[in-house]
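# Structure for the following, please:
(chains A and B)
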Amino acid sequence: MSATVSLPRRWRRSLADPQRASLLATAMLFALMAGAGGVLYDGFLNPQVFLNLLIDNAFLCVVAVGMTFVILSGGIDLSVGAVLAFATVLCAVLVQHHGWHPLAAIALALALGTGFGAAMGLLIQRYRLPAFVVTLAGMFLARGAATLLSVDSISIDHPFMTRLAYLRLPLGGGYALSVGAVVALVVVAAAVWVARSTRFGRAVYAIGGNRASAALMGLPVAATEVAVYALSGFCAALGGVLCALYMLSGYSLHGSALELDAIAAVVVGGTLLAGGSGHVLGTLLGVLILGLIQTLIAFDGSLSSWWTKIAIGALLLVFCLLQRVLASRRRR
Amino acid sequence: MSPQSPSPDPALPRSARFAAPLRRAAAWPLFWPLLTLALLLAGNGLFNPGFLSLRWQDGHLYGNLVDIANRAAPLAVVSLGMTLVIAVRGLDISVGAVLAICATVAAWVVVRAGGGDAAPGLLPLGLGILAALAVALACGAWNATLVLKAGMQPIVATLVLMVAGRGIAQLVSGGQIITVYYPPYAFLGGGFLFGLPFPVYVVAGLFLGLYLATERTALGLFVRSIGHNPQAAHVAGVRARAITAAAYVFCAFCAGVAGLLVSSNVSSADANNAGLMLELDAILAVCLGGTALTGGRFSLAGSVLGALIIQTLTSTIYAAGVPPQVNLVVKAALVFAVMLLQSAEFRGEVRRRLARGAGAGA
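So this is what the prediction gives:
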């Protein structure tokens, strides 16, 4: 125990905080997996491999950030994958078939996504309906609306979009990031600021911790709850725009089961599904860990794709158990 | 409540005489699901007179109604299990994955046990069913352990199996669709007994057994008490943990039965697509049937009706010749409508609006 005592007091305090402890566990897991990959496979520790993690998972990252706020407030949003698909189809239809400028189409998609989220939030908040079922119906609605717009996949070849899609921002040394990855990083940075330093962010944590006491403290519970779902809708639509950019197509089957990946990323990132505790940076790490599992399996080459699912399931299990242990330690 | 006279008072206005029984009917839990189903069927009958007809041919009953009952069977079976889990304040989102695992295991065992030979007898069928149901029970026990021993939230606990389950199913099948060339296996999901499809009997048998167990013994009361307040139920001496665990195990068992029906119906098992989104449809059916998602209040008959409503809706959309993609939108609209009707806050707001409107008019 003498080693523990000799740690500076600030460190000890931050380790005792279960929020930081689970963030640390996530970060350590990421480092461990990356290290294992580096030992096992040649060229795994090339920085571009890690930049590609960001590039390939940019839209998942944005969606998961929105999901983080919903889960922090104690809710759940199952509609994100469908809203993402709707946004890709809407952008593609407007740009390819109706001659809209991509920026106008993107603006409309973002507005519709936000409005859709706000409408679901209103139903959940005002009529005390279970979030699970409302957002489930929202998922049917958005996916159905996307198929109504177009059943087939529409490829996007507008010069503005293709130039944006192939644009790489050089980081020096021959490494580069895509526009989508940069947007994802900006979203994460903004979300960290919103969660830690704004009234809205603190209200989200308070509502997730204890809804009744948040209301008694005079926090705007109703408005915050609606805003959380609107934010998630916005992030899902933005994810859709990034997805359309990444795939250069709009398809109603894009992002199927994406809500599960987003929830998994949030949970692996150390956010408590009961709400009230968690960190946006953890979600970014969670997304990167999910991407790392796929990269590891791709590097190996002999493992079948279904091991991805089993590995993600096992990771979820480990993290949930870890959270239980941390939570029970806090209670003592 | 005030004592009511057996015959309505003739001095009352006509509307009041009809309003009271109507209100009593509307308070009956199965009223809304039955009304929805009846309206759907009546609408179909109106626009397509052949829809409701039944005919007897080669000793089998044919018609859209039989078809709907047959196709709704796997969903109805899963909804019955889901009803119990939701009634004890749980949720099982792994049923689709469990269905895929059980379907794959059943097909794998049947093929390995000699289901492809010329005259293998009934042994492979028995082995397949046993293996699938054993795997289902194991999955249920796993979920129950995570919820009760590890104390996880039900959504998270079952999310683990939901994510990993399809991977496990693909592991069993080696990533291939397993095709079964073995006639007895096809009977489970595609055979006829006394003129009706066999799956209908499976649903009826499960429903009857469950109904007797919950309504003719104290089990139903225990389940409701756990759903309303687990602590109070525990203090009152109800074995809350054991009953909750049994609900999860039973739900997985139902998913296993549904897996047998689904894979037998198409004589193959597709680890990737069998029972896809089934968990959502099952929760929807339970919700449509009037079971409270917060636990406590549940209706087994309502859940079966909910499954029938979902299947009728699908059949309607195919029969009406509308593009199938409308299905999702209609389903969403239906869920929103049913949920709002079930919400006390919404009904209160509508009543206030109506009262205000009437007050302004007077």
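# use CA for all of it now, contacts and neighbours both
Will do.
# Around chain A, which positions in chain B sit nearby?
Within reach of chain A by CA under 8 Å from any CA of the partner chain, chain B has these residues: B:150-153, B:156-157, B:159-168, B:170-171, B:175, B:280, B:284, B:293, B:325-329, B:331-333, B:335-336, B:339-340, B:343-346.
# What subset of the residues you listed is buried?
Among the residues of chain B next to chain A, those buried by neighbour count (16 or more other CA atoms under 10 Å in any protein chain shown) are B:152-153, B:156-157, B:159-168, B:170-171, B:175, B:280, B:284, B:293, B:325-329, B:331-333, B:335-336, B:339-340, B:346.
# Tell me where the model's unsure across the stretch 151-300 of chain A.
Low-confidence segments of the stretch 151-300 of chain A (pLDDT under 70): none present.
# what does chain A put close to chain B?
Within chain A, the positions lying close to chain B (CA under 8 Å from any CA) are A:126-130, A:133-134, A:136-138, A:140-145, A:147-148, A:260, A:273-274, A:306-314, A:316-317, A:320-321, A:324.
# how many other residues sit next to the nearest residue to residue A:300 once chain neighbours are set aside?
Once flanking residues are discounted, residue A:300 sits nearest to residue A:41: 7.5 Å by CA to CA, 6 or more residues apart in numbering or on different chains. Using other CA atoms under 10 Å in any protein chain shown, residue A:41 is surrounded by 12 other residues.
# And for residue B:220?
Residue B:220 has 20 nearby residues by other CA under 10 Å.
# Also residue A:190?
12.
# which SSE is residue A:307 in?
Assigned by DSSP states H and E, residue A:307 belongs to helix A:306-331.
# Buried residues, that helix. List them.
Quick answer for helix A:306-331 (16+ other CA under 10 Å): A:306-317, A:319-321, A:323-324, A:326.
# same deal with stretch A:218-230?
A:219-221, A:224-230.
# didn't the residue nearest to residue A:300 look like it was pressed against residue A:299?
Yes. Applying CA atoms under 8 Å, one finds residue A:41 in contact with residue A:299, separated by 7.0 Å.
# low-scoring stretches of chain B, by residue?
In chain B (pLDDT under 70), the answer is B:1-23, B:25-27, B:115-120, B:359-362.
# tell me the centre residue of it?
In chain B, the centroid-proximal residue (CA atoms, centre = their mean) is residue B:79; its distance is 2.2 Å.
# Who's the closest spatial neighbour of it, skipping the chain neighbours?
Per CA to CA, 6+ apart, closest to residue B:79 is residue B:282, 4.9 Å.
# Check the gap between the residue nearest to residue A:300 and residue B:283 for me.
From residue A:41 across to residue B:283, the span is 44 Å (CA to CA, to the nearest Å).
# Please apply the same query to residue A:220.
Remark: distance between residue A:220 and residue B:283 (CA to CA) = 31 Å.
# what sits against the residue in the stretch 1-150 of chain B positioned nearest to chain A?
Nearest residue of the stretch 1-150 of chain B to chain A: residue B:150, at 7.0 Å (CA to the nearest CA). Residues near residue B:150 by CA atoms under 8 Å, 6 or more residues apart in numbering or on different chains: A:321, A:324.
# Over to it: give its phi and psi.
Dihedral pair for residue B:150: phi -80, psi -10, per degrees, to the nearest 10.
# picking up where we left off before, save the buried residues of stretch A:218-230 as a markdown table, and put in secondary structure too.
Putting the buried residues of stretch A:218-230 into a markdown table (DSSP: H, G, I helix; E, B strand; the rest coil) gives the following:
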| residue | secondary structure |
| --- | --- |
| A:219 | coil |
| A:220 | coil |
| A:221 | helix |
| A:224 | helix |
| A:225 | helix |
| A:226 | helix |
| A:227 | helix |
| A:228 | helix |
| A:229 | helix |
| A:230 | helix |
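# which ones are touching residue A:248?
A:155-157, A:161-162, A:165.
# For residue A:184, which residues are in contact?
Per CA under 8 Å, 6+ apart, neighbours of residue A:184: A:58-59, A:61-62.
# Show me just the buried residues among these.
A:58-59, A:61-62.
# Any quick ChimeraX command for the buried ones out of the contacts of residue A:248?
Buried residues among the contacts of residue A:248 (16+ other CA under 10 Å), as a ChimeraX selection:
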select /A:155,156,161,165
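# Show me the residues of chain B next to chain A that map onto helices.
B:156-157, B:159-168, B:170-171, B:280, B:284, B:326-329, B:331-333, B:335-336, B:339-340, B:344-346 (DSSP state H).
# Now residue B:354: which helix or strand?
helix B:344-361.
# what's that helix in contact with?
With contact meaning CA under 8 Å, 6+ apart, helix B:344-361 is reached by A:126-128, B:340-341.
# Report the buried residues of it.
For helix B:344-361, by 16+ other CA under 10 Å, it's residue B:346.
# Then stretch B:51-65?
By 16+ other CA under 10 Å, the buried positions in stretch B:51-65 come out as B:51, B:61-62, B:64-65.
# Which members of those residues are the farthest-apart pair?
Spatially, the most separated pair among the buried residues of stretch B:51-65 is B:51 and B:61, at 14.1 Å (CA to CA).
# so how far is residue B:142 from the residue of the stretch 1-150 of chain B closest to chain A?
11 Å.
# Same check on residue A:298?
According to CA to CA, residue A:298 stands 30 Å off from residue B:142.
# In terms of neighbours, single out the busier of those two.
Higher neighbour count among residue A:298 and residue B:142: residue B:142, with 18 against 14, using other CA under 10 Å.
# does the more buried one belong to a helix or a strand, and which?
Using DSSP H and E, residue B:142 falls within helix B:123-144.
# can you give me how far that helix is from the chain middle?
Its chain's C-alpha centre and that of helix B:123-144 lie 20 Å apart, by CA atoms, centre = their mean, to the nearest Å.
# residues making contact with that helix?
Residues outside helix B:123-144 that contact it (CA under 8 Å, 6+ apart): B:98, B:101-103, B:105-111, B:113-115, B:157-158, B:161, B:184-185, B:244-246, B:248-253, B:255-257, B:260.
# Pull out the buried positions in that helix.
Neighbour-count burial for helix B:123-144 flags B:124-125, B:128-129, B:131-144 (criterion: 16+ other CA under 10 Å).
# and if you look at stretch A:35-46?
A:37, A:44.
# can you dump the C-alpha coordinates of it into CSV?
Provided in CSV are the C-alpha atoms of stretch A:35-46 (Å, rounded to 0.1, in the frame of the first residue of the first chain):
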residue,chain,number,x,y,z
GLY,A,35,0.1,-2.5,-28.0
ALA,A,36,-1.0,-6.1,-28.6
GLY,A,37,-1.7,-5.2,-32.3
GLY,A,38,1.8,-3.7,-32.6
VAL,A,39,3.4,-6.9,-31.1
LEU,A,40,1.3,-9.3,-33.3
TYR,A,41,1.2,-7.5,-36.7
ASP,A,42,3.8,-5.6,-38.7
GLY,A,43,3.0,-2.0,-39.4
PHE,A,44,0.1,-1.9,-37.0
LEU,A,45,1.5,1.0,-35.0
ASN,A,46,1.8,3.2,-38.1
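# Centre of the chain to it, how far?
Distance of stretch A:35-46 from the chain centroid (CA atoms, centre = their mean) equals 26 Å.
# quick one: residue B:335 and residue B:284 touch, right?
Yes. Counting by CA under 8 Å, residue B:284 is a contact partner of residue B:335 at 7.4 Å.
# re earlier: from the buried residues of stretch B:51-65, which land in strands?
Among those, the residues falling in strands (DSSP state E) are B:61-62.
# chain center to the longest helix along chain B: distance?
When chain B is parsed with DSSP H, its longest helix is helix B:240-265. Distance of helix B:240-265 from the chain centroid (CA atoms, centre = their mean) equals 11 Å.
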